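Q: give me coordinates for this.
(one chain, ligands or ions: 1)
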Amino acid sequence: MTWRTHMCGEPTKELVGEKLTLSGWAARRRDHGGLVFVDLRDRTGITQLVINPELAAEAAELAHQIRNEFVLRAEGTLVARSAETVNENMPTGEVELQVESLQIVSRSTPLPFQLDEENVDETLRLRYRWLDLRRDKLQRNIGLRAQMVGIIRREMEAAGFLDIQTPILFKPTPEGARDFIVPSRLQKGRFYALPQSPQILKQLTMVAGFDRYYQIAICFRDEDLRADRVQEITQLDVEMSFPDQEFLYDVMERMYARIWRECLGIEIETPFPRMTFEEADRRFGTDKPDTRFGLELEDATEVTRGSQFGVFAGADAVRLIRVPQELSRGDLAKLEELAKEWGAKGLAYLVYDEEGEVRSPIAKFLSEAELTAFRGEPASTILFAADTWPATTRVLGALRTHLGRELGLIDDEQFTFLWVYDFPMFERDEDEGRWTAVHHPFTRPTKEWEERFSGDPEHALAHAYDLIVNGNELGGGSFRIHEPEIQSQVFELLGMSEDEQRSKFGFLLDALAMGPPPMGGIALGIDRMTMVLAGEPNLRDVIAFPKNQAGVDPMSGAPSDVTQEQLLELGIQLLEPSN
Ligand code: ASP
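A: Residues are numbered from 1 along each chain as shown. Predicted coordinates for the structure are as follows:
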């Protein structure tokens, strides 16, 4: 017996008259008393089965029992549909299988939701993920992801990168999140940390002489979950010795071009444009600009020095965006609300009507020079942020993205890739009153900052780069510190004592003392890449078995309780029983 001679998406007119066997799921059944029609579905598509009691009495008898999502095997002859029943929307819409023998292979309990039902509660979908995954959209997303990973592997291997697996049970590898820790039974009282990335390990593969490494790696980051975050991130992780910036960019660009070509049939332009962090921040108010539209920020700090308008005069920075529309009071009130959420105290504006007349409560405070400098087109609005430079960046950057979407300035069909580079090396953690690494502590300063980064951490630049598409950060990387003295200097600046350096990163410092090559690399998020590729707004819908926003898997119930014996073996006592 064969389960199938063809997949359900394959039967077309050319096969009419042939005997076919198909197996799959009953997607829909229509019982017309006599004739029974069943849409039989597998991963490749749907073929319509027709069961005629006059031609196959036994099959017709059985067909009445079929319910949605039963698994069936059908043998029969492929026939052409009559002209009025041809369905042009499906690839198999010109044919149907005239069933001669039918088998119900397996049955299904009543479904918690129908596959074609919209807006099913996500917890319910995750609880029955195996069903949810049968839907077209998820089949497509997961398929696209697999196709993409296949291309990535082929491109990386063609470029001479070796797939090297690194351990999951390891030691903390800082990427700015909290660690997941795993207790050790054999070494009671000690814990492994799950890697936030294989960063140190991939550097060690370079010290070990492997020259070019890659891995499709899972990274574990115990973060508070926001809508677009998961705790298990999959990334393409890459490292090379004797790094060459142009080579690295080129490999990535070639890979993306091929992914877009083979998965979407779209030619993307390479090389990708490049922009320094400073320029991105200045023009777009973000380190991940969506360059599909304008609405660029302008700096008005100079013009507003000594302004009669106190808010402008007293601010470190005054910046603006010009909106090509005469916004109403209602619009402006809504925008002000948003601006406040992003940390602004208010939202000053100038509205120019059709005649070019200005309407604004602040206009009377502004000098001729200011008004001339701001002068907007008729039917436009100027929005201001006056604050510290970073605060104006945050507010106007977010406003710009919001308005780009609201005003329909974004072409959804377009993909704009961009490299952003020369990031600051450190940022101040105001709560803790110390410096933290913007990328990670293994990132080297740019050439010009090598000698003096520790004297001026605020301005020091890192040899780091991010890859952006349509305002989404796909990932980033850097050239690494291979000199143990510089690495120690960075650790020290981050507030780590010598003892702490030894206990946390002694093995890295030791390795860097034994002939390390210069190295650099990058990591790119596979989940986010799939989202962009599939045009899928929900991160969890590009992952086969995701957890929900509370880090819980509604399907298996993980994380779950462990027995008292297990805890005892680990030498662990719970302060409070789990809830
Ligand atoms: N380890 C970094 C990350 O996970 C990427 C890199 O620097 O290669 O973001």
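
Q: now the stretch 51-200 of the chain against the ligand: closest residue?
A: In the stretch 51-200 of the chain, no residue comes nearer to the ligand than residue 197, which is 3.4 Å away by Cβ to the nearest ligand atom. For every residue, glycine as well, the C-beta is placed using N, CA and C.

Q: just the element for that residue, please.
A: Secondary structure assignment for residue 197, by DSSP states H and E: no helix or strand.

Q: per-residue confidence at it?
A: The pLDDT attached to residue 197 in the predicted structure is 96.

Q: repeat that for residue 579.
A: Residue-level confidence at residue 579 comes out at 62, pLDDT.

Q: equivalent analysis for residue 229, please.
A: Model confidence at residue 229 (pLDDT) stands at 79.

Q: so is it in a helix, a strand, or just coil?
A: coil (DSSP: H, G, I helix; E, B strand; the rest coil).

Q: same check, this time on the one 5 residues further on
A: Each residue gets one of three states, and residue 234 gets strand by three-state DSSP.

Q: contacts only, for the closest residue to it other than its chain neighbours.
A: By the measure of Cβ to Cβ, 6 or more residues apart in numbering, the closest residue to residue 234 outside its immediate chain neighbours is residue 526, 4.2 Å from it. The neighbourhood of residue 526, defined by Cβ atoms under 8 Å, 6 or more residues apart in numbering, consists of 145, 148, 149, 152, 216, 234, 235, 236.

Q: what's the distance between residue 526 and residue 5?
A: Distance of residue 526 to residue 5, computed by Cβ to Cβ, to the nearest Å: 35 Å.

Q: state the mean pLDDT of the helix or strand encompassing residue 148.
A: Assigned by DSSP H and E, residue 148 falls within helix 136-158. Per-residue pLDDT values across helix 136-158 average out to 97.

Q: what residues does the stretch 351-500 of the chain put near the ligand?
A: Of all the residues in the stretch 351-500 of the chain, those in contact range of the ligand (Cβ under 6 Å from any ligand atom) are 440, 476, 477, 478.

Q: buried subset of those?
A: Among these, those that count as buried by neighbour count (16 or more other Cβ atoms under 10 Å) are 440, 476, 477, 478.

Q: where does confidence bottom out across these?
A: Of all these, residue 440 carries the smallest pLDDT score, 94.

Q: pop out the phi and psi values for that one.
A: Recorded main-chain torsions at residue 440 are phi -150, psi 170, according to degrees, to the nearest 10.

Q: was I right about residue 342 contacting residue 395?
A: Yes. Proximity of residue 342 to residue 395 meets the contact threshold set by Cβ atoms under 8 Å, at 4.8 Å.

Q: specify the local secondary structure of residue 21.
A: Put simply, residue 21 is strand when judged by three-state DSSP.

Q: what's around it, how many residues?
A: 16 (other Cβ atoms under 10 Å).

Q: number the chain from 721, please
A: Right, with 721 as the first residue, what we last looked at is residue 741.

Q: pretty sure it is touching residue 724, no?
A: Yes. The criterion here is Cβ under 8 Å, and residue 741 meets it with residue 724 at 5.3 Å.

Q: among the residues of the stretch 1071-1220 of the chain next to the ligand, which one sits closest to the ligand?
A: Nearest to the ligand among these, with distances taken as Cβ to the nearest ligand atom, is residue 1197, at 3.8 Å.

Q: mutual contacts of residue 741 and residue 724, please.
A: residue 793.

Q: what about residue 1110, distance to residue 1001?
A: Residue 1110 sits 9 Å away from residue 1001, taking Cβ to Cβ as the criterion.

Q: these two: who's more crowded?
A: Set side by side, residue 1110 and residue 1001 show unequal neighbour counts under other Cβ under 10 Å, the larger going to residue 1001 at 21 against 14.

Q: just checking, the more buried one is part of a strand?
A: No. When classified by three-state DSSP, residue 1001 is found to be helix rather than part of a strand.

Q: which residue is the nearest non-sequential neighbour of it?
A: With sequence-adjacent residues excluded and distances taken as Cβ to Cβ, 6+ apart, residue 1001 is closest to residue 1113, at 5.6 Å.
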